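[1] This is a predicted model, with the sequence first.
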Amino acid sequence: MVPINEIKSKAMPLPLPNIDTDQIIPKQFLKRIERTGYGDFLFYDWRYNLDVPDSVTPNADFVLNKPEYQGAQILIAERNFGCGSSREHAAWAINQFGFLAVIAPTFADIFFSNAGKNGIILVRLDDEQVKTLMDRSIKNPDHIITVNLEHQTVTDDAGFKATFEIDPFRKFCLLNGYDDIGLTLRHIEDLDKFEEKHNNEFWSAPKLATK
Amino acid sequence: MSTPKTLFEKVWQQHLVAEPAGEPPLLYIDLQLVHEVTSPQAFEGLRIAGRKLRRPDRHIATVDHNVPTTSVEDRLHIVDQIASKQVQALRTNCADFGIEFFDVQDASQGIVHMIGPELGATKPGMTIVCGDSHTSTHGAFGAMAFGIGTSEVEHVMATQTLPQSKPKTFRITVDGELPFGVTAKDIILDIIGKIGTDGATGYAIEYAGSAIRALSMEGRMTVCNMSIEAGARAGMIAPDETTFEYLKGRRFSPQGDAWEQAVAHWRTLPTDEGATFDREMHIDAATLAPAVTWGTSPGMHATIDGKVPSLDDARSDADRKSFAKAYEYMDLQPGMPMEQITIDTVFLGSCTNGRIEDLRAAAAVVKGHHIAAKIRAMVVPGSQQVKRQAEEEGLDAIFKTAGFEWREPGCSMCLGMNPDILQPGERCASTSNRNFEGRQGRGGRTHLVSPEMAAAAAITGHFTDIRKWKSAELNLATKQMLAEGGSL
Ligand code: SF4
């Protein structure tokens, strides 16, 4: 994972509650064997006109397709973002589309942990604060918002300032760009030492047939 | 003397790599089993990050979920392009990362939870993971085994460890003798019914007691397999002579001196006298009866001489709601006697009941009979080894003569991810483990039962009390098979 601290960007407003992972990425994409390329399928059913078979055209009304919001690295949504199935593909799709932070009043549990594992800062603000930012981004697509992870703040040029909570361990991981594997590898000395001893405990080897 | 420990506690402690402050403990993983569906992104993750697979010798892979079971030809040329691509991806990934791979027609191919034990790769005291929730099966050997997600699969590939919060312990003691016609499947269904499908969430279960000890390894695997259906992280059974007998001489089992030393270690694993559990439950085996699920979760079952429960039997409002929904989906009326439910399809197989002993038990019921009119019945051995053994014992002939289809090994109709699926409205007596809506195909209706009960239902066309199954006849068939060289 890439270390992440300050995100200064315009924001894409998605003023809906309960956006579930099936909307974020529909189940037909779970059969893919790749880890990448999910950005193209983010919000698939909303993003494309699917009524005409065999002709997938972008739905010009959907915010993701509006030219003025291109390049936004922050997504703003309402309550309970990421509910539904546990698919990690939802976090992959959001991240691979280019979002580095999502601002909402609440997030679903499993999505919350999946996002953390995939380099996305989830910013929980209260309803009022989210509404303020949402309105400003709707009115002015070029409205710039700054999310600072180290200081746990969200600010803009129009005087908005809020702080947010984040689990210290998750914050540490995001700031340092540690994915869970990177984190475990901090214990590589312990691991090497353990493994050296454990290798001799042949009862634990799946395939070693003799000693 | 050190403080008495549970089996779980011993295995846990022997695998602790680190216990960093403020983080979950890091656990060493002895074996990761890999299959085609949950592994491709994990391999790609390694490639993207430029990481190596740390211990290829601690991985084995096979294909099971996607492979057709109709014929060898269909397996070698899979028509479904997505399935075919997943199988091919696993082939390439195993070659690239040096993992031993048991391909579609390999003599050791089979459902991933069948082949670990068959090869002797699954052994007591190990930690075992797989990107599949029924990994708990391997706990039957006194291993700590649990299912994981794709990111975790990658994590194990890269580090051979997993950060894991420690589950609580739960001992379920089943004492006494199982009545005639009652099987391991009925034990575990009874447990799930009693504690609920989330009753063991956050726990590692140890199954103990004389009824568990009396089970064969196959029966123990059936019990541990469905631990996850009660929400448990893992299910374990202490290793004993039955375990050692099963493992001796298998391909990956230790040999010679190493075997003796391994057994000596394994004997230290069972829970010490006086060790305490966070939770305990006792069941009297003599009170159990053959179970049939009627609803859309494994906890929704009745005994074969019982009825579809009424709303008044529901324990909570949430249960009442799911009962109502299940009546509708399953097209059943409350109060309907279980024996009157007629079926269209019989599926004998899966990692729950696709083992040789299961097929023998079903064959003993079927022998000398023919399946009822309009019934579609299939036997899908869980592995190539089971298939070969069954054919050597002539079980395939018994099934075929009775009108069953005899298939190639794989997950088949357990999950409807390959061509074997139920049609909407079709009703199936199934020896698998999940009766969720749509599990065996959209609109399909699943009733979970033991292999014996599935076999009897195939013959009569409706659920039938195996305890009344022309017992004399059944005993005769059993004796005959024993005389013919099968062992029961
Ligand atoms: S047989 Fe069924 S439960 Fe077992 S691994 Fe295959 S799909 Fe999963």
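    Received the coordinates, thanks.
[2] Which residues does the helix of greatest length in chain B contact?
    Longest helix in chain B, counting residues (DSSP state H): helix B:81-97. Applying CB atoms under 8 Å, 6 or more residues apart in numbering or on different chains, the external contacts of helix B:81-97 come out as A:31, A:33, B:34-37, B:39-40, B:43, B:46, B:53, B:56, B:59, B:61, B:63, B:66-67, B:78, B:99-101, B:103-104, B:157, B:417-418. Where you see a C-beta, it was placed from the backbone N, CA and C, and this is true even at glycine.
[3] Tell me which of the residues you listed fall in strands.
    B:34, B:59, B:61, B:100-101 (DSSP state E).
[4] pLDDT-wise, which helix or strand of chain A ranks last?
    None of the helices or strands of chain A scores lower by mean pLDDT, DSSP states H and E than helix A:109-116, at a mean of 82.
[5] what packs against it?
    If you count contacts as 3 or more CB pairs under 8 Å, 6 or more residues apart in numbering or on different chains; DSSP states H and E, helix A:109-116 packs onto helix A:89-97, strand A:121-124, helix A:168-176.
[6] Show me what the first one is packed up against.
    For helix A:89-97, the packing partners by 3+ CB pairs under 8 Å, 6+ apart come out as helix A:21-24, helix A:109-116.
[7] what do you get if the cut-off is 6 Å, keeping everything else the same?
    helix A:21-24 (3 or more CB pairs under 6 Å, 6 or more residues apart in numbering or on different chains; DSSP states H and E).
[8] any residue of the helix it packs on up close to chain B?
    No - Helix A:21-24 does not reach chain B (CB under 6 Å from any CB of the partner chain); its nearest approach is 13.5 Å.
[9] buried stuff in the following helix or strand past that helix?
    The helix or strand immediately downstream of helix A:21-24 is helix A:44-47, counting by DSSP states H and E. For helix A:44-47, burial by neighbour count (16 or more other CB atoms under 10 Å in any protein chain shown) applies to A:44, A:46-47.
[10] Tell me the spacing between B:H447 and chain A.
    26 Å (CB to the nearest CB, to the nearest Å).
[11] Which helix or which strand is home to that residue?
    Per DSSP H and E: strand B:445-448 holds B:H447.
[12] Report the strands that pair with that strand, each with its relative direction.
    Here strand B:445-448 has these sheet partners by DSSP bridges: strand B:427-430 (parallel).
[13] what's the angle between the longest strand anywhere in chain A and helix A:89-97?
    Ordering each strand of chain A by length in residues (DSSP E) puts strand A:6-14 first. Angle of strand A:6-14 versus helix A:89-97, following axes from the mean of the first three to the mean of the last three CA atoms, to 10 degrees, is 120 degrees.
[14] Counting by contacts, list what strand A:6-14 packs against.
    strand A:74-77, helix A:127-139, strand A:144-148.
[15] Same list, the ones you listed, but as TSV with mean neighbour count and mean pLDDT please.
    As requested, these are arranged in TSV below (neighbours: other CB atoms under 10 Å in any protein chain shown; pLDDT from 0 to 100):
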stretch	mean neighbour count	mean pLDDT
strand A:74-77	24	98
helix A:127-139	17	97
strand A:144-148	20	98
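[16] May I see these arranged in TSV, with distance to the ligand as well?
    Formatted as TSV, the helices and strands packed on strand A:6-14 follow (distance: least, CB to the nearest ligand atom, whole Å):
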stretch	distance to the ligand
strand A:74-77	35
helix A:127-139	41
strand A:144-148	41
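[17] and B:S471, what pLDDT?
    Note for B:S471: predicted pLDDT of 56.
[18] meant to ask about A:F202
    At A:F202, the model reports a pLDDT of 85.
[19] so does whichever strand or helix holds A:D192 get close to chain B?
    Assigning secondary structure by DSSP H and E places A:D192 in helix A:188-200. Yes - Helix A:188-200 is in contact with chain B by CB under 6 Å from any CB, via A:190-191, A:194.
[20] Please give me every residue in contact with the residue in the stretch 1-150 of chain B that the ligand sits nearest to.
    Going by CB to the nearest ligand atom, the ligand is nearest to B:H134 of the stretch 1-150 of chain B, at 4.4 Å. Applying CB atoms under 6 Å, 6 or more residues apart in numbering or on different chains, we find B:H134 in contact with B:113, B:225, B:351.
[21] Disregarding residues adjacent in the polypeptide, which is nearest to the second one?
    With sequence-adjacent residues excluded and distances taken as CB to CB, 6 or more residues apart in numbering or on different chains, B:N225 is closest to B:T137, at 4.2 Å.
[22] ok, the one you found touching B:G219?
    No - assessed by CB atoms under 6 Å, B:T137 is found out of contact with B:G219, at 12.0 Å.
[23] ok, those two, which is more surrounded?
    Neighbours around B:T137 and B:G219, counted as other CB atoms under 10 Å in any protein chain shown, are more numerous at B:T137. The numbers are 33 against 25.
[24] In a helix, the more buried one, correct?
    Yes - counting by DSSP: H, G, I helix; E, B strand; the rest coil, one finds B:T137 located in a helix.
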